[in-house]
Structure formats: C-alpha cells, structure tokens
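Q: Provided below for reference: sequence and predicted model.
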Number of protein chains: 2
Amino acid sequence: MMAATFGALGEPSRFRIVELLRSGPSSVGDIAAALGIRQPQVSKHLRVLSDAGIVAVEAAARRRIYHLEPDAFDEIADWVGSFEQRWDTRLDSLGQYLDTLDTKGPVDGTER
Amino acid sequence: MMAATFGALGEPSRFRIVELLRSGPSSVGDIAAALGIRQPQVSKHLRVLSDAGIVAVEAAARRRIYHLEPDAFDEIADWVGSFEQRWDTRLDSLGQYLDTLDTKGPVDGTER
DNA sequence: CGAACATATTCCTTGACGGGAATACGTGCC
DNA sequence: GGCACGTATTCCCGTCAAGGAATATGTTCG
C-alpha cells in the first residue's frame, strides 16, 4: 500500500539510508559507518524498508548487500503522476464548490 | 524536506484525506463525514498536512476549504523522478561492488 | 570443531503520536 | 450583543516505534 511505503520513508534515518543507496548497493556495516548509525539500528531500519518493498538483499560472502527496489519507486511515480493531470480541474472545482454553497444551502448555507 | 512530507503521508488517515481531496477541495466537516473521522482529529491531521505543505486552506464563510498543494506533489515527482534514470547504472554497480570484494579485501576479503 | 566476523534479533526504556472528550476560538446572523 | 455553527486547540491516556545494550544467528576460515 502507498501509505505503508510513505510511512517507511517518513523516518529520517530510513530516508537517509535510501538516499545513500541511491549511489549504489551497500552492506549493512558500510551503511552504519557512512551514516553514523549503530549496526543494530541499521538492520532494523533495513527490515522495515525491506518489508515495505523499498529495498532487497543480496547475499555476498558473510555480508548482505542491500539495494533499492525499482518497483517501489515506480509505484510512487505512478501515484504522484496520477495527480498532475488534475490540477487545473481541481482549481476549477474550488470555484464550483464555493458556488454550491449558495445553491445547496437555501436557508443561509447552514442548513440542518 | 522530503522525509517530513512522507511522514505526513505515511499516516493512514491522512493518506485517506489526501485521496479524498483528489476529487476536489472540501471543508473540514465534509471530510469528517466522508471518512467517518471525528472533526477534531480531522483538524489535527489537516494541521500536519498543512505544516508539511501538502494542503492549504481557503476561508469560505465560516467554513474552511482545504485543497491539495500542487508544489508538494511536484517535489515528490522530482525526487522519485531522479531515481529512474539510474536503475541500469545501479544494477551495474551491484556487480561492480561484488567485484571489489575480491580486490578490496586482500587480508581475507572473504572473497569467493 | 572453534574462532572471528557480519548481521539479525531480542529486551528495555523513553518519547512521540493518534484517538477520545471537552472546550476555546472565530465568524456570521437575529 | 448574544447565539448558533464550524473549526481549532487542549488535556489525557494508551500504544507504538526508535535508540541503546546485549546477545543470538549465520557464515567463513584455520
């Protein structure tokens, strides 16, 4: 779900991890060192990001290399993209809405 | 900041509010009625969304009409858009990274 | 098998956040 | 001015999540 994705990205530390992974896959230890976060917390954050489908793991020797998952970002792009077409119509509907206040509330708009 | 935006959208109720506002501006009371949330919570959520720059208010009579703020979605689109170009390079860099494990870890690089 | 390393998982504590109820604020109308 | 309506704010409480510390799990190597 979108809300879950945003929830995962909403945490500052996790957002930093995602930004870091932009420059390429990285191991848990490297992420911890780069961001100044302790390893256990990094693992926890990666768990959340993984559950949200934002990152995925690839085992390499004893290390675990995390990388971004393109699908998650495609979904976000689709979601936000579906807004753009409607900005004009939305601004129109504001005026329309305000108009309905007159017609809808014959008494004084505060019908009830 | 992006993280703050995502944090605001990550809350399920707030996400529903945004989805509702997609179809056009709405008053606090109407939002509450449409989503089955009590008015005070709606006001609180709108406060968070407003602070994050996701929505804005427009006074109309005694009501307050909330509408989506295009800029916020543009920023999200820009952010997620800056990823898409790099998917190929990123997948490459995974291979590169794995290669460096051989060269980089001469001690016992735990290569293989 | 045992040691060393990398990562994951618990347990704990604390602070932030969401929902409920009551109330304060603001504004238009008689 | 006083009242009714719409909205915002406060207080309280329960829950949840994040950070710290310690430990468990897994894997490689000697």
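A: Perfect, thanks for sending it. Numbering: from 1, shown residues only, chains lettered A, B, ... in the order given.
Q: Number of residues surrounding the residue lying closest to A:R63 once chain neighbours are set aside?
A: Once flanking residues are discounted, A:R63 sits nearest to A:S27: 4.3 Å by CB to CB, 6 or more residues apart in numbering or on different chains. Heads up, the C-betas are built off the backbone N, CA and C, glycines and all. Around A:S27 there are 18 other residues, counting by other CB atoms under 10 Å in any protein chain shown.
Q: I'd like to know the phi and psi angles of A:S27, please.
A: Here is the backbone geometry of A:S27 (degrees, to the nearest 10): phi -80, psi 160.
Q: Contact partners for it?
A: Listed by CB atoms under 8 Å, 6 or more residues apart in numbering or on different chains, the contact set of A:S27 reads A:60, A:63-66.
Q: Would you quantify the distance from it to DNA strand C?
A: As judged by CB to the nearest atom of the strand, to the nearest Å, A:S27 and DNA strand C stand 3 Å apart.
Q: can you check A:R63 too?
A: Computed with CB to the nearest atom of the strand, the distance linking A:R63 and DNA strand C is 4 Å.
Q: Test of understanding: give the bridge partners of that residue.
A: For A:R63, the beta-bridge partners under DSSP bridges are A:A60.
Q: re earlier: if any of the contacts of A:S27 are buried, give me the PyMOL selection for them.
A: Typed into PyMOL, the line below selects the buried ones among these, using 16 or more other CB atoms under 10 Å in any protein chain shown:
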select buried, chain A and resi 60+63+65+66
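Q: what is the residue nearest to A:R63 paired to in the beta sheet?
A: A:I65.
Q: and it, how far is that from A:R14?
A: Note on A:S27: its distance to A:R14, by CB to CB, to the nearest Å, is 17 Å.
Q: any idea how far stretch A:36-47 is from the chain center?
A: Using CA atoms, centre = their mean, to the nearest Å, the mean C-alpha position of stretch A:36-47 is found 19 Å from that of the whole chain.
Q: Any residue of it touching chain B?
A: No: Stretch A:36-47 lies out of reach of chain B by CB under 8 Å from any CB of the partner chain, never closer than 12.6 Å.
Q: Give me the pLDDT for A:A61.
A: With respect to pLDDT, A:A61 has a value of 87.
Q: Can you read off the backbone torsions of it?
A: phi 50, psi -130.
Q: and A:H45, helix, strand or coil?
A: helix (DSSP: H, G, I helix; E, B strand; the rest coil).
Q: these two touch, right, it and A:E11?
A: Yes: counting by CB atoms under 8 Å, A:E11 is a contact partner of A:H45 at 7.2 Å.
Q: These two: which is more packed in?
A: More neighbours surround A:H45 than the other of A:H45 and A:E11, with 23 against 17 (other CB under 10 Å).
Q: give the contact list for the more buried one.
A: The contact partners of A:H45, by CB under 8 Å, 6+ apart, come to A:11, A:13-14, A:17, A:37.
Q: so which helix or strand takes in the closest residue to it other than its chain neighbours?
A: Among residues not flanking A:H45 along the chain, A:R14 sits closest, at 4.8 Å (CB to CB, 6+ apart). Secondary structure assignment for A:R14, by DSSP states H and E: helix A:12-21.
Q: Just the pLDDT at the closest residue to DNA strand D within chain A, thanks.
A: For chain A, the residue closest to DNA strand D is A:P40, as judged by CB to the nearest atom of the strand, at 3.8 Å. A:P40 is assigned 97 on the pLDDT scale.
Q: ok but it is inside a strand, no?
A: No: going by three-state DSSP, the assignment for A:P40 is helix, not a strand.
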